[in-house]
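Participant: Compute the structure for the input listed below.
(one chain, ligands or ions: 2)
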Amino acid sequence: MSQNPFPLSSLEELRSLADRLPGADETAREGAIARQAQLTKPVGSLGILEETACHFAAWQGRINPEIKRAQALVFAGNHGVVAQGISPFPQEVTVQMVANFRTGGAAINQLCRAAGADLEVIEIDGLNPTRDFTVEPAMTPEECLAALNTGAAAVDPEADVLLVGEMGIGNTTIAAALAAGVFGGTGADWVGPGTGLNAEGLIRKAGAVDKGVALHGHLDALGVMAALGGREEAAMAGAVLGARAKGVPVILDGFVCCAAVAPLFGADPRLLDHCLVGHASAEPGHVKLLDKLGKTPMIQIGMRLGEASGAAVALLLVRAALECHNGMATFAEAGVTEA
Ligand SMILES: Cc1cc2ncn([C@H]3O[C@H](COP(=O)(O)O)[C@@H](O)[C@H]3O)c2cc1C
Ligand SMILES: O=C(O)c1cccnc1
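Facilitator: Numbers count the residues shown, from 1 in each chain. Ligands and ions are numbered 1, 2, ... in the order given. Alright, predicted model coming up:
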């Protein structure tokens, strides 16, 4: 197993990082697949629960994966691009919701309790807003790197799974810009209503994304992360990489979370191999983005909140998958006749 490369000293290091990070344990994956074939059920009858158990086997490196400690990290940040009128909510909602997370009043607090995850909320750079990407780069490469390293450091090496989420008014615009910057397309291809923007606002939002991509879209995926991204998005990307370095499988959340890691995919698609996608958000860009990332969401139940909420609901299914995988009898053990 490779050494932990964090903290990184430059974004350039991300280019060769996939070669320095641990890969999947294919022996454990094969063992888990073989076990699934012996359990007392028709092969494939537990659908994605079977694949989920095998994914956890491969990335935890054991035939019988377990989740004792589930860590949920919600990163919070603010965005200069809100000056363009791209969210119906004012920027102060970010700090107000951070307070709400801390007193247990947000959706993610309830979902983490239901799914058995420990929630931690991390404000990046004291919620200091980035610069407006329609005018200048949102972050310098150094600011982006600092946020990324903060995210990587926040991952508990003792965790058995990491859920990644965010809070930051305006960040569905950041997500659309990152998606367009990495995968191409216009603002209109990637924007959606977010927290409930009206039709006029949507036109402004698409225009802001087009302006940002015209200014910074020539950059490579890592340049795009700094120029069009946000601090909490960079922190999410860092947490995903930190988890990989520490042998922790990841459940990604909705559109914003998946767009945050799109630059990693742009740098090297293998960087996301340890990640499952918890759900398909109702934010329209998400399904398009998942197609580009080559990922299948575990569930699609009309959620569009962020905060790691979809990942937390998906954790309930991961727990169900592992209960079956570890607890079921084999045909031989139960004396059940095979086909
Ligand atoms: C009360 C409230 C709680 C939230 N929890 C997550 N978000 C979500 O909505 C925001 C992105 O949407 P937009 O780009 O339209 O501003 C992010 O903070 C995201 O986490 C919330 C938004 C609000 C208003
Ligand atoms: O899917 C998401 O990540 C999302 C959707 C709407 C608002 N905030 C986040």
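Participant: quick one, what contacts the spatially most central residue of the chain?
Facilitator: In the chain, the centroid-proximal residue (C-alpha atoms, centre = their mean) is residue 252; its distance is 3.1 Å. Neighbour list for residue 252: 164, 240, 258, 261, 275-278, 295, 311 [criterion: C-beta atoms under 8 Å, 6 or more residues apart in numbering]. Placement of C-beta: from N, CA and C, glycine included.
Participant: And it, how far from residue 229?
Facilitator: Separation of residue 252 from residue 229 (C-beta to C-beta, to the nearest Å) stands at 16 Å.
Participant: For the stretch 101-250 of the chain, which residues score under the pLDDT cut-off?
Facilitator: For the stretch 101-250 of the chain, no stretch is flagged by pLDDT under 70.
Participant: What parts of it come near ligand 1?
Facilitator: Applying C-beta under 6 Å from any ligand atom, we find that the stretch 101-250 of the chain lies next to ligand 1 at 166-173, 194-195, 197.
Participant: Out of these, which is nearest to ligand 1?
Facilitator: Ligand 1 lies nearest to residue 194 out of those, by C-beta to the nearest ligand atom, at 2.5 Å.
Participant: What is the burial count for that closest one?
Facilitator: Look at residue 194: counted by other C-beta atoms under 10 Å, it has 26 neighbours.
Participant: so what's the residue in the chain that ligand 2 sits nearest to closest to, chain neighbours aside?
Facilitator: Ligand 2 sits closest to residue 254 of the chain, with a gap of 2.5 Å, by C-beta to the nearest ligand atom. Distances taken as C-beta to C-beta, 6 or more residues apart in numbering place residue 281 nearest to residue 254, at 3.5 Å, with adjacent residues excluded.
Participant: next one: residue 32
Facilitator: The nearest residue in space to residue 32 (C-beta to C-beta, 6+ apart) is residue 57, at 3.4 Å.
Participant: which residues does that neighbour contact?
Facilitator: 25, 28-29, 31-32, 63-65, 325.
Participant: May I have the secondary structure class of residue 71?
Facilitator: Following DSSP: H, G, I helix; E, B strand; the rest coil, residue 71 is assigned to strand.
Participant: Could you give the bridge partners of it?
Facilitator: residue 118, residue 162 (DSSP bridges).
Participant: doesn't residue 164 make contact with it?
Facilitator: No: using C-beta atoms under 8 Å, residue 71 makes no contact with residue 164, being 9.6 Å away.
Participant: between the two, who's got more neighbours?
Facilitator: Counting neighbours by other C-beta under 10 Å for residue 71 and for residue 164 shows that residue 164 has the greater number, 30 against 22.
Participant: what are the ranges of the strands in the stretch 151-300 of the chain?
Facilitator: Applying DSSP state E, counting those that start in this stretch to the stretch 151-300 of the chain gives strands spanning 161-167, 250-252, 275-279, 297-299.
Participant: Flag every buried residue along the one helix or strand residue 145 maps to.
Facilitator: Secondary structure from DSSP states H and E places residue 145 in helix 141-153. Residues of helix 141-153 classed as buried: 141, 143-152 (neighbour count, 16 or more other C-beta atoms under 10 Å).
Participant: to the chain's geometric centre, what's the distance from it?
Facilitator: 16 Å (C-alpha atoms, centre = their mean, to the nearest Å).
Participant: I'd like to check the angle between that helix and strand 161-167, please.
Facilitator: Computed by axes from the mean of the first three to the mean of the last three C-alpha atoms, to 10 degrees, the angle separating helix 141-153 from strand 161-167 equals 140 degrees.
Participant: Show me what helix 141-153 is packed up against.
Facilitator: Counting contacts by 3 or more C-beta pairs under 8 Å, 6 or more residues apart in numbering; DSSP states H and E, helix 141-153 is packed against helix 221-228, helix 231-245.
Participant: between the last one and strand 275-279, how many degrees?
Facilitator: Read that as helix 231-245. Angle, helix 231-245 to strand 275-279, by the same axes, to 10 degrees: 130 degrees.
Participant: From the contact counts, what lies against helix 231-245?
Facilitator: Secondary-structure packing of helix 231-245 (3+ C-beta pairs under 8 Å, 6+ apart): strand 70-76, helix 141-153, strand 161-167, helix 171-183, helix 221-228, strand 250-252, helix 255-260, helix 262-267.
Participant: ditto for the first one
Facilitator: Helix 221-228 is packed against helix 141-153, helix 171-183, helix 199-216, helix 231-245, helix 262-267, with contacts defined by 3+ C-beta pairs under 8 Å, 6+ apart.
Participant: Tabulate those helices (CSV), appending distance to residue 104.
Facilitator: Conversion of these to CSV gives the following (distance: least, C-beta to C-beta, whole Å):
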stretch, distance to residue 104
helix 141-153, 23
helix 171-183, 23
helix 199-216, 32
helix 231-245, 21
helix 262-267, 32
